[in-house]
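S.K.: what follows is a predicted structure for the sequence shown.
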Amino acid sequence: MGNKYDQYYNGDGIRIMVLEFLQSLSDTEIVGGLTLLSLLIGGIIMAAGIIIAKIAKMVFFKYYAPTLPQDTAKNFGKLIYFGIIVIAFLTFTSSQGLDFSGLLVAGGIFAVVIGFATQSVVSNLISGIFLMVEKPAKQGDTIQIPDMGISGTLLDIGTFSSKVRKFDGTVIRIPNEKFFTSNIRSLTVSTVRRAEAMVGIAYKDDIDDAISAIKYEISITMPFVLRIPEPEFRVEELGDSSVNIQVLVWHPRDDWSQAQPILLITIKRALDKAGIEIPFPQRVIRESKD
Amino acid sequence: MSSEPEGVNFSNYGIYEVVENLEIYLPNTTVRIEKIGEKAFSYFRKDSEGKVVEKMIPTNSHTLKIELAPIRPLNHPARRTGYVFLKFDKEIYLSQNSAASIFVHCPIEIGVFVIHESHRESLDWITCNPINSRFGLYGPPDSGTLCKYAEVTLATNFSDSIPYVEGVMKIIIENNLTTGQTVSKVIFPITDNSLYYEGPKSILDGIKVTLKKRAVVNIADVQTDSLDTDWTKSPTWETSTTNTTMEMGLE
């Protein structure tokens, strides 16, 4: 007994203890030749794979991603990360001589059931891949999805869903399947965009005077409005109470906030300065004496 | 816009050393630099549109050196492009296989640079004529080129510069086509055109416009033409673009 304790307290004893422990793990079979020992080795390989994948992804994002477009960098990052994990898994299975074919055959019926249950998940996955390939919009683009009434900045096209930050600051998650099959209006593809406003002037006022006044005020106070193409004025309607003029101005794509929200203010100020009336709705009532 | 009292002498471009206070006089613009500590200065600027910029400048020495210089007209109202669209007030007609040199007024902005031992850093930029600092589009909305747009007049020579507002640029136009052509505008990347100053006046590197045939289409090839002058070259903080030429279609 004392002799055995001596063995345990020196290096040989610990080695023997570890070997006995590993032997017991190796003898414990879970299923189809998969033992507790191979599971432990697999866990170590997978953990190492995940750590290597995270480091590789971090190095990629730190040194290489800044030179690539945002969405390309993100997709490459995912490819590197999941690629290394898949390699780690294959290393584990091949090193342990595991054969999953039996498991797959046995699980055939189960897979069909799972397939039906996860139909939408697979659909989202496939749509996500198509979105990454087709690229109807890039990360950072301002988009509008009229079918869903969503406008905002595209944050991410993920594996199963995409995220859009709405203009109110909230983030909305859209399943890729819906995103892929919806109409997507990109607001950042063109170099310039157009802002529009409608204004009515009184019938007694001169249309040319009103247009000149608005044009002058826009040229002075709206620096983001393009000189070429010139602001456009269309007499849209001879309305019940006013002559309605549509004003269309172009501005650099990213300066919507410097054009659309202040266009009507500018028009109102121009007409006020020129003494041109913006009439209230009015109706002439004639009373018959009969 | 505010108006200057009569008899005000505007400040020249150049290097200024601030020991205590410095006031720079520009049209419709006030620039004031004051010493506020042992090694600290304050910068105040009010422009023609009433916008105020205030900055603190910590320094390594007891004085502050700045340079006032003309810069490319790309910053007001915001930097969005490196291209300039100059629309001539009079069209220029060139007969077949002929060439002409013209001088045009080109809008400029004014840069304020802090001078360090080995380099200059941009502290601020100013435009004395904001009304003429607008954008224009060359081409269709989906694929056109956004430019800074200006309607320009012809100048007589390099000394015809309008102080603080417009520099003079030389444009050489060559018509290598077999028909006469009318040129009414020129669009080019200005990021490779240097500016030079003397007193309150400024000039820019020129451009050479060649009207030629490529395959079956007539094009105007625009290239920068560097200037050889003894005027002082303005500093710049902009990175040069790799695109130094521009091709325009002919109408």
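M.R.: Nice, thanks for sending it over.
S.K.: got the contact list for B:Leu74?
M.R.: Contacts for B:Leu74 were tallied using Cβ atoms under 8 Å, 6 or more residues apart in numbering or on different chains; they are B:81-82, B:84, B:109, B:148, B:190-191, B:238. All C-beta spots, glycine's among them, are computed from the backbone N, C-alpha and C.
S.K.: among the residues you listed, which ones are buried?
M.R.: When burial is judged by neighbour count using 16 or more other Cβ atoms under 10 Å in any protein chain shown, the buried members of the contacts of B:Leu74 are B:81-82, B:84, B:109, B:148, B:190-191.
S.K.: before we move on, the earlier item: which member of the contacts of B:Leu74 is positioned nearest chain A?
M.R.: When the contacts of B:Leu74 are compared for distance to chain A, the smallest value, 8.1 Å, is given by B:Thr81; criterion: Cβ to the nearest Cβ.
S.K.: which residue comes closest to that closest one once chain neighbours are left out?
M.R.: Leaving aside its sequence neighbours, B:Thr81 sits nearest to B:Leu146 (Cβ to Cβ, 6 or more residues apart in numbering or on different chains; 4.6 Å).
S.K.: what pairs with B:Gly14 across the strands?
M.R.: Per DSSP bridges, the residues bridged to B:Gly14 are B:Leu68.
S.K.: just the ones of the buried ones among the contacts of B:Leu74 in helices?
M.R.: Assigned to helices by DSSP state H, none of these qualify.
S.K.: quick check: the residue nearest to B:Thr81 vs A:Gly128, distance?
M.R.: Counting by Cβ to Cβ, to the nearest Å, the gap between B:Leu146 and A:Gly128 amounts to 33 Å.
S.K.: look up the closest residue to A:Pro66, ignoring the ones flanking it.
M.R.: The shortest distance from A:Pro66 to any residue other than its chain neighbours is 7.8 Å, reached at A:Ala73 (Cβ to Cβ, 6+ apart).
S.K.: on the three-state scheme, that neighbour is what?
M.R.: Remark: A:Ala73 carries the secondary structure label helix [criterion: DSSP: H, G, I helix; E, B strand; the rest coil].
S.K.: next up, the contacts around it.
M.R.: Contacts of A:Ala73 by Cβ under 8 Å, 6+ apart are A:60-61, A:64-66.
S.K.: so which of the residues you listed are in strands?
M.R.: The strands in this structure, assigned by DSSP state E, contain none of the contacts of A:Ala73.
S.K.: name the nearest of those residues relative to chain B.
M.R.: Of all those, chain B sits closest to A:Pro66, with 15.9 Å by Cβ to the nearest Cβ.
S.K.: count the residues that sit near that closest one.
M.R.: Neighbouring residues of A:Pro66 were enumerated by other Cβ atoms under 10 Å in any protein chain shown; the total is 9.
S.K.: A:Glu196 bridge partners, please.
M.R.: Beta-bridge pairing of A:Glu196, defined through DSSP bridges, involves A:Leu248.
S.K.: how about B:Ile57?
M.R.: Taking DSSP bridges as the rule, B:Ile57 bridges to B:Phe41.
S.K.: identify the residues contacting the residue nearest to B:Pro163 when sequence neighbours are not counted.
M.R.: With sequence-adjacent residues excluded and distances taken as Cβ to Cβ, 6+ apart, B:Pro163 is closest to B:Pro200, at 3.6 Å. Under the criterion of Cβ under 8 Å, 6+ apart, the neighbours of B:Pro200 are B:10-13, B:163-164.
S.K.: just the buried residues from these, in PyMOL please.
M.R.: Burial among the contacts of B:Pro200 is assessed by 16+ other Cβ under 10 Å; the matching PyMOL selection reads:
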select buried, chain B and resi 11+13+163+164
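S.K.: name the residues of the stretch 151-290 of chain A found near chain B, please.
M.R.: Residues of the stretch 151-290 of chain A found near chain B, taking Cβ under 8 Å from any Cβ of the partner chain as the criterion, are A:189-194, A:219-220, A:223-229, A:250-252, A:254-255, A:258.
S.K.: which stretches of chain A form helices?
M.R.: So, for chain A - with DSSP H - the helices run A:2-9, A:11-27, A:36-59, A:70-95, A:101-106, A:108-117, A:119-134, A:176-181, A:207-221, A:260-274.
S.K.: number of nearby residues for the residue nearest to A:Phe167 when sequence neighbours are not counted?
M.R.: In space, not counting the residues next to it along the chain, A:Phe167 is nearest to A:Gly152; the distance is 5.7 Å by Cβ to Cβ, 6+ apart. By the measure other Cβ under 10 Å, the count of residues near A:Gly152 is 21.
S.K.: quick check: bridge partners of A:Gly152?
M.R.: When bridges are taken as DSSP bridges, the partners of A:Gly152 come out as A:Ile143, A:Lys166.
S.K.: ok, it to chain B distance?
M.R.: As defined by Cβ to the nearest Cβ, to the nearest Å, A:Gly152 lies at a distance of 22 Å from chain B.
S.K.: which ones are touching that residue?
M.R.: The neighbours of A:Gly152, taking Cβ under 8 Å, 6+ apart as the test, are A:142-143, A:164-167, A:172.
S.K.: and with 7 Å instead?
M.R.: Residues counted as contacts of A:Gly152 (Cβ atoms under 7 Å, 6 or more residues apart in numbering or on different chains) are A:164-167.
S.K.: dump those residues to a markdown table, plus pLDDT, distance to B:Lys90 and neighbour count.
M.R.: A markdown table is the format used below for the contacts of A:Gly152 (pLDDT from 0 to 100; distance: Cβ to Cβ, whole Å; neighbours: other Cβ atoms under 10 Å in any protein chain shown):
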| residue | pLDDT | distance to B:Lys90 | neighbour count |
| --- | --- | --- | --- |
| A:Val164 | 93 | 51 | 24 |
| A:Arg165 | 94 | 50 | 15 |
| A:Lys166 | 93 | 51 | 12 |
| A:Phe167 | 89 | 46 | 10 |
